[in-house]
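Engineer: show me the folded form of this:
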Amino acid sequence: MTALSENFKVTSDCSKVVPDVRDRWFKLFGALLVALLLGVPWLNPAQAQVPTAMVSAKKTAGTILVVGDSISAEYGLKRGTGWVKLLEQQLIREKKTAIVVNASISGETTSGGSSRLPALLTQHQPTVVVIELGGNDALRGLPLDMTEKNLITMTQSSKKTGAKVLLLGMQVPPNYGDAYATDFSSLFSRVAKAEKVALVPFLLKGIADAQDPVANFQADRIHPNEPSQARMLANVWPELKKLLK
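Structural biologist: Down below sits the predicted model:
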């Protein structure tokens with residue numbers, strides 16, 4: 001795992017992490033497991049509504065399908081302020097016509113995404129599939145080889161339909177252990193390299209690894225706040241733009 005920034009250095013001994021940065025990470029992400037145990041109100045996939053937004057009334061150049069978890073599902077945000085919604089506005093500014101389908105569900109794992117994807121591909125026939133999953137796998141301590149296998153399955157299924165794929169990578173804080181953090185971070189690049197698809201190494205770059213990361217998150221210290229959504233889009237857009245016609 002590469003360093004998240006000059007201010008965040010991980011060694012095999014977590015006690016050697018720069019103390020103030022380490023403490024901020026522990027406070028920020030320590031709430032993750034607590035929130036899970038206390039029952040963050042995840043949506044049941046059967047209850048989820050998949051919003052479809054047309055960027056232009058003209059004939060579109062294609063469909064962008066985003067399959068993610070709460071990070072992309074506007075959890076805790078005012079509707080229409082998440083990074084996926086901002087993507088629609090970016091497409092308009094760039095004069096790129098497209099349909100954006102946000103099929104993200106709070107609490108989703110790679111297993112759930114893998115199960116839902118075939119129907120989504122049939123229904124929406126996307127030209128680009130953006131996969132933002134894996135964080136909940138790590139949160140729940142699921143085997144990383146299963147996470148990697150699911151991401152490969154989703155990538156291959158998308159490619160078989162002719163769609164291009166963009167993987168959005170995530171990272172975990174050092175209190176998960178150096179070995180686990182390294183393995184988790186690297187699995188996204190392994191999948192991208194093996195399947196020859198585009199990759200954003202860390203979706204929360206500049207947010208979770210900032211000098212004061214707590215300021216970039218909602219009160220639960222789990223989900224990025226509204227001001228951070230633009231930064232997330234800025235991380236995604238350069239790679240996504242390359243995949244659009």
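Engineer: flag every buried residue along the helix or strand where residue 179 lies.
Structural biologist: Element membership for residue 179, per DSSP states H and E: helix 178-195. Neighbour counts over helix 178-195 (16 or more other C-beta atoms under 10 Å) mark 180, 181, 182, 183, 184, 185, 186, 187, 188, 191, 192, 195 as buried. In short, each C-beta sits where N, CA and C put it, glycine included.
Engineer: run through who's touching it.
Structural biologist: With contacts defined as C-beta atoms under 8 Å, 6 or more residues apart in numbering, helix 178-195 is touched by 1-2, 10-12, 14, 134, 138, 144, 147-148, 151-152, 155-156, 159, 165, 167-174, 176, 197-199, 201-202.
Engineer: immediately after the helix or strand of the chain with the lowest mean pLDDT, which helix or strand?
Structural biologist: Of all helical and strand segments in the chain, the minimum by mean pLDDT, DSSP states H and E falls on strand 52-54, at a mean of 43. Once the chain leaves strand 52-54, the next helix or strand it forms, by DSSP H and E, is strand 63-68.
Engineer: chain center to the very next helix or strand once past that next one, what's the gap?
Structural biologist: Once the chain leaves strand 63-68, the next helix or strand it forms, by DSSP H and E, is helix 83-93. Here helix 83-93 is found 16 Å from its chain centre; the criterion is C-alpha atoms, centre = their mean, to the nearest Å.
Engineer: sheet partners, orientation included, of the helix or strand following helix 83-93?
Structural biologist: Scanning forward in sequence from helix 83-93 by DSSP H and E, the next helix or strand is strand 99-102. According to DSSP bridges, strand 99-102 forms sheet pairs with strand 52-54 (antiparallel), strand 63-68 (parallel).
Engineer: what about the strands in this structure?
Structural biologist: Applying DSSP state E to the chain gives strands spanning 52-54, 63-68, 99-102, 128-132, 164-168, 198-200.
Engineer: send me the third one as PDB with only the CA atoms.
Structural biologist: In this case it means strand 99-102. In PDB, the C-alpha atoms belonging to strand 99-102 read as follows (Å, rounded to 0.1, in the frame of the first residue of the first chain):
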ATOM      1  CA  ILE A  99     -27.700   9.000 -19.300                       C
ATOM      2  CA  VAL A 100     -26.500   8.500 -15.700                       C
ATOM      3  CA  VAL A 101     -28.000   5.600 -13.800                       C
ATOM      4  CA  ASN A 102     -27.200   5.500 -10.100                       C
END
